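[1] Return atomic coordinates for the entry below.
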Amino acid sequence: MTRLKLNCDLGEGYGAWHLGDDEHIMPLIDQANIACGFHAGDPSTMLSSLMLAKKHQVEIGAHPSYPDRVGFGRRSMRIAPQDLYNDILYQTAALAGMATTLQTQVTYIKPHGALYHDMLSQLETFKALLQVAKDCALKLMVPAGATTDPMREQAAHVGVDLLFEAFADRRYTRHKTLLARSQPGAVLSQSEMLNQARRLMTEGRVISDCGAAINLRAETLCVHGDSPSALAALTELRDLVDHCVN
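    You can find the predicted model right below:
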C-alpha cells in the first residue's frame, strides 16, 4: 500500500475574478500549489491562499508559469534560459517571502501548464527549474513515469530532490504521459478517478488509453481544483486515502 499525498492547484484567481473553491478544498488536501502571478494570482490572492494553507497545516508549493496571463500559462514560450530562470525565481521568491511573514514556508516548486510539460522535452527549461529549486533549497515536483533517467541524474547532480506526481483525474497513454485534453476520454469521470487512485495506491499502476496496465510509482496525487466537481471529487479521494492508510 502506497501512502499518497493529495495536491491541488490553488490561488488561481486574479483581482475580482475567482476560480475554484479554495476555502473548502484546502482542508481536504496535503499540498497546495499556489499560483505566483504570471498565469494567475495577485498579491491579495497569494496572501489569502497562504493564510488558508497555514490554517489547515497544508504543505505549500510555488506554482510558477510562463508569463502568460491571457493564455492561463498553457502556451509554450521561447524564452532565453537566463530570462526563464529569472521569471521562475521572481515568482517563487515572491511567494516564499510572503510565506515568511506568516511564519510558514514554501517547500517545493510545481511548474504550471506549458512550463510543466516543456521541462520533459527541453533540457534548458528543466535546468532552469532545477537551478531555482537548488538556489531556494526547495524540492521540484515532476510527473511520475514521464521523468527520464537523465532528468533524475541531473537533479541528483545539483542536489535537488524530486517529488513524483500522478494525476487522479486524467487518463494516461501507454508511454506514461497524459492523454491530450483534446482526445475523447482524456478527463476521467468521478468513478474512474476513484478507481485510478485506488489502483495507484494498491498496485502502483494505472490503466492506459489502450487498456494496458502500466506501472506508475508516485508520491503525490493531483486533482485539478478548477472543475465544478473538484470539491466532491476531493472529498471522496480524502476518504479513500485515509481509509486505505488506516
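[2] Show me the longest helix that occurs in this structure.
    helix 81-101 (DSSP state H).
[3] Give the other helices and strands that it contacts.
    Under the contact definition 3 or more Cβ pairs under 8 Å, 6 or more residues apart in numbering; DSSP states H and E, helix 81-101 sits against helix 43-55, strand 59-63, strand 106-109, helix 123-135. Every C-beta, even on glycine, is put in place using the N, C-alpha and C of the backbone.
[4] Could you pull out the buried residues of the third one?
    Right, strand 106-109. By 16 or more other Cβ atoms under 10 Å, the buried positions in strand 106-109 come out as 106, 107, 108, 109.
[5] What average pLDDT does it get?
    Taken as a whole, strand 106-109 has an average pLDDT of 98.
[6] Adjacent strands (with direction) for it?
    Using DSSP bridges, strand 106-109 pairs in its sheet with strand 59-63 (parallel), strand 139-143 (parallel).
[7] The residue positioned nearest the centre of the chain - nearest residue in space that isn't next to it in sequence?
    Nearest residue to the geometric centre of the chain (Cα atoms, centre = their mean): residue 110, 4.9 Å. Distance criterion Cβ to Cβ, 6 or more residues apart in numbering; nearest residue to residue 110, sequence neighbours excluded, is residue 141 at 3.9 Å.
[8] Quick check: bridge partners of the one you found?
    Going by DSSP bridges, residue 141 forms beta bridges with residue 163.
[9] How much space separates it from residue 36?
    Distance check for residue 141 against residue 36: by Cβ to Cβ, to the nearest Å, it reads 14 Å.
[10] which residues touch residue 182?
    Listed by Cβ atoms under 8 Å, 6 or more residues apart in numbering, the contact set of residue 182 is empty.
[11] Surely it is in a helix?
    No. Assessed with DSSP: H, G, I helix; E, B strand; the rest coil, residue 182 is coil; it does not lie in a helix.
[12] hmm, back to that, please identify the deepest-packed of the strands paired with strand 106-109.
    Highest mean neighbour count of the strands paired with strand 106-109: strand 59-63, a mean of 26 (counted as mean count of other Cβ atoms under 10 Å).
[13] Next, count neighbours for residue 24.
    12 (other Cβ atoms under 10 Å).
[14] Could you look up the SS state of it?
    Residue 24 ends up helix, using three-state DSSP.
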